[in-house]
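>>> Kindly return the folded structure for what I paste below:
(one chain, ligands or ions: 2)
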Amino acid sequence: MTPHRRIDEASPVRIALLGCGTVGSAVARLLTEQAEDLRVRAGRRLELVGIAVRDTTRERPGIDSSLLTDDPLALVTAEEVDLVVELIGGIEPARELVLAALDRGASVVTANKALLATHGAKIFETAERNGRDVYFEAAVAGAIPIIRPLRESLVGDEITSIIGIVNGTTNYILDKMHSDKQTFESALTEAQELGYAEADPTADVAGHDAAAKAAILAGLAFHCRVRAEEVFCEGITEVTPEDIAAAESMDSVMKLLAICQVNPEDETVAVRVHPTMVPRKHPLASVDGAYNAIFIESQSAGRLMFYGPGAGGSPTASAVMGDLVTVARNLVRGATGPGESSYRGLAVADAGAIRTAYHIRLQVADVAGTLESVAACFARNHVSVRAVRQEAQGAVGEAVELVIVTHVARTQDLDAAVAELRLLDQVTGPVRPMRVEG
Ligand SMILES: NC(=O)C1=CN([C@@H]2O[C@H](COP(=O)(O)OP(=O)(O)OC[C@H]3O[C@@H](n4cnc5c(N)ncnc54)[C@H](OP(=O)(O)O)[C@@H]3O)[C@@H](O)[C@H]2O)C=CC1
Ligand SMILES: N[C@@H](CC=O)C(=O)O
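Ligands and ions are numbered 1, 2, ... in the order given. As a prediction, the model looks like this:
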């Protein structure tokens, strides 16, 4: 274990900031503007000793340019640094820098879900070995306190499921597609301008950002390790205005949900992210813009809901600052916060075994026997149909739209049924399955 520089009463806690973009610049400003209150709350002055960026020549309003450096490794390995705040994003060089900081003896605060959901095991093991903290409240759901409740408040309870909206960008896009009939592209541009999207917005719209967050939530909730790549993940890039209209015709809205459950039969963990039809009366349906919401169900507490701004510089900086003060207090006391608790070796369920209800739209020729053929595809694949609706009545033989709602079914069974439907002579257009929750 690296001996820590003693933070005596006259010494400040020295902070290195990696990244000065949407979140980093908000953190840097708060450290200056709130310096006196932060000193009292942390028990020591918090001194920003350097800010690593790519471009040191760019004008950055409110930021002391003498602190800028383009050598992040030199900054995190500097002898005097007590606390490294990683707000660069992505895997490299963030991984290398975080590990170097911990090995050198600094504690770490990060908002980097992609990094933790991919290299969390190594990072937490390195922190433990060096007796240092890794705090990451901002990594999931922006300003919403969700990591601390899972790591501390609910650690004595048995969590059975988590369901939530954990990506602000996609919630913003889907909300705008519903409420303003905006196109996907223009809503995404707005979300980028507002600072909600990742540097590469593919991570948002393809569902990878939500999948990384779901992996972190599932790991904390069920005390096991889940990696981002193990999460079943479908983004919103294929969601069309027709899907939005179909959801509305069912008095529902489209949401990108993250769902984490333990299957009590085989003790596997099912973690998934996908666009989902949610009935308007469900509390998640009214979560608009870049807001996030997370429902937790646990044995003793019952149902809990967490709600708030899920993205953006200022809300995310709030979560980072909370971690920063907590870690500074720990440093001053010579203590560390809770480490990783992943003692349960639960396996992650196969994607095909994941169970949900479906809403399926398909175009068929309105001829005798069509309904029977369609129903047989579901029956042969063990998918139970709950309701069938024919959208319009035309002349015999004309194409009509059928809407079928199923009971909860296994993904692999539903996929097999859809594959058979596509081969039917009576099916004359695309077959569009959407998952349904609530
Ligand atoms: N934006 C949001 O709403 C939220 C973001 N997060 C997370 O916070 C982190 C930061 O996000 P955000 O602020 O939006 O990202 P930005 O893209 O706005 O900022 C990234 C910053 O990192 C710097 N940087 C990038 N690569 C390097 C490098 N190799 N060396 C030194 N500096 C580098 C950039 O420098 P330069 O300025 O010179 O380009 C920039 O200042 C990410 O992990 C993200 O997932 C979490 C919750 C919400
Ligand atoms: N790009 C992310 C930012 C916060 O984590 C999002 O849109 O939620």
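
>>> all contacts plus neighbour counts: C-alpha atoms, from now on.
Noted.

>>> Which residues of the protein lie near ligand 2?
By CA under 6 Å from any ligand atom, the residues of the chain that approach ligand 2 are Val140, Ala141, Gly142, Asn167, Gly168, Thr169, Tyr196, Ala197, Glu198, Asp204, Gly310, Ala311.

>>> mind redoing it with 8 Å?
Taking CA under 8 Å from any ligand atom as the criterion, the chain approaches ligand 2 at residues 111, 113, 138-142, 166-171, 191, 196-198, 201, 203-204, 209-210, 290, 292, 310-312, 316.

>>> So which of those are in strands?
Residues of the residues of the chain next to ligand 2 located in strands (DSSP state E): Asn292.

>>> Any residue of stretch 67-76 touching ligand 1?
Yes. Stretch 67-76 reaches ligand 1 (CA under 8 Å from any ligand atom) through Asp70, Asp71, Pro72.

>>> neighbours around Thr160, how many?
Other residues lying near Thr160 total 19 when counted by other CA atoms under 10 Å.

>>> Which helix or strand contains it?
Thr160 is located in strand 159-165, with elements delineated by DSSP states H and E.

>>> Check which helices and strands that strand sits against.
When contacts are defined as 3 or more CA pairs under 8 Å, 6 or more residues apart in numbering; DSSP states H and E, strand 159-165 sits against helix 208-222, strand 252-263, strand 291-298.

>>> which element follows the first one toward the C-terminus?
Toward the C-terminal end, the helix or strand that comes next after helix 208-222 (DSSP H and E) is strand 232-233.

>>> circling back: ok, of the residues of stretch 67-76 next to ligand 1, which one's closest to Glu265?
Distance ranking of the residues of stretch 67-76 next to ligand 1 against Glu265, using CA to CA, places Pro72 first at 48.1 Å.

>>> can I assume the closest one is in contact with Gly19?
No. Contact criterion CA atoms under 8 Å: Pro72 and Gly19 do not qualify, at 9.1 Å.

>>> how about low-confidence regions in the stretch 301-438 of the chain?
Residues of the stretch 301-438 of the chain meeting the criterion pLDDT under 70: 392-394, 396.

>>> mind checking pLDDT for Asn263?
Model confidence at Asn263, given as pLDDT, is 88.

>>> Give the burial count for Pro283, as a bare number.
Considering only other CA under 10 Å, Pro283 is surrounded by 13 other residues.

>>> per-residue pLDDT, it?
You'll see Pro283 listed with a pLDDT of 95.

>>> ok, now the one 4 residues further on?
Val287 is assigned a predicted lDDT (pLDDT) of 98.

>>> Then Arg5?
Confidence per residue is given as pLDDT, and for Arg5 that number is 65.

>>> re earlier: show me the common contact partners of Pro72 and Gly19, please.
Ala52, Val53 (CA atoms under 8 Å, 6 or more residues apart in numbering).

>>> circling back: now, of the residues of stretch 67-76 next to ligand 1, which are buried?
Restricting the residues of stretch 67-76 next to ligand 1 to buried positions leaves Asp70, Pro72, with burial counted as 16 or more other CA atoms under 10 Å.

>>> Mind checking which of the residues of stretch 67-76 next to ligand 1 land in helices?
Pro72 (DSSP state H).

>>> Quick check: the nearest residue to Ala353 once chain neighbours are set aside vs Thr370, distance?
Nearest residue to Ala353, sequence neighbours excluded (CA to CA, 6 or more residues apart in numbering): Arg410, at 5.4 Å. For Arg410, the distance to Thr370 equals 24 Å [CA to CA, to the nearest Å].

>>> swap in Glu420?
From Glu420 over to Thr370 the distance is 13 Å, taken as CA to CA.

>>> just to revisit the earlier point, could I have the strand holding Thr160 exported to PDB, CA atoms only?
What follows is strand 159-165, C-alpha atoms only, in PDB (Å, rounded to 0.1, in the frame of the first residue of the first chain):
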ATOM      1  CA  ILE A 159     -32.900  -6.000  -3.900                       C
ATOM      2  CA  THR A 160     -35.000  -8.000  -6.400                       C
ATOM      3  CA  SER A 161     -35.300  -5.700  -9.400                       C
ATOM      4  CA  ILE A 162     -34.400  -2.300 -10.900                       C
ATOM      5  CA  ILE A 163     -36.200  -0.700 -13.800                       C
ATOM      6  CA  GLY A 164     -35.400   2.800 -15.000                       C
ATOM      7  CA  ILE A 165     -34.700   5.400 -17.500                       C
END
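
>>> strands paired with it, and their directions?
Strand 159-165 sits in its sheet next to strand 252-263 (antiparallel), strand 291-298 (antiparallel), going by DSSP bridges.

>>> Need those strands in CSV (columns: distance to Val431 and mean neighbour count).
Supplementary listing: the strands paired with strand 159-165 in CSV, determined by distance: least, CA to CA, whole Å; neighbours: other CA atoms under 10 Å:
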stretch, distance to Val431, mean neighbour count
strand 252-263, 18, 24
strand 291-298, 31, 21
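
>>> closest one to ligand 1 among those strands?
Go through the strands paired with strand 159-165 one by one with CA to the nearest ligand atom and the one that ends up closest to ligand 1 is strand 291-298, at 10.8 Å.

>>> That closest one close to ligand 1?
No. Interface with ligand 1: strand 291-298 contributes nothing (CA under 8 Å from any ligand atom), its closest point being 10.8 Å away.

>>> got the angle between that strand and helix 208-222?
Here the directions of strand 291-298 and helix 208-222 differ by 30 degrees (axes from the mean of the first three to the mean of the last three CA atoms, to 10 degrees).

>>> so what's Tyr135 closest to, chain neighbours aside?
Looking at Tyr135 with CA to CA, 6+ apart, the closest residue is Val109, at 4.8 Å.

>>> got it, and Leu414?
On the basis of CA to CA, 6+ apart, the spatially nearest residue to Leu414 that is not a chain neighbour turns out to be Val383, at 6.5 Å.

>>> and the gap between the one you found and Val405?
With distances defined as CA to CA, the gap from Val383 to Val405 amounts to 10 Å.

>>> How about Ala138?
Distance from Ala138 to Val405, by CA to CA: 38 Å.

>>> These two: which has the busier surroundings?
The neighbour count for Ala138 versus Val405, taken as other CA under 10 Å, is higher for Ala138 (29 against 20).

>>> ok, that one - contacts?
Residues counted as contacts of Ala138 (CA under 8 Å, 6+ apart) are Thr110, Ala111, Asn112, Ile144, Thr316, Ala317, Ala319, Val320.

>>> Nearest to ligand 1 among these?
Set against ligand 1, the nearest of the contacts of Ala138 by CA to the nearest ligand atom is Asn112 (3.5 Å).
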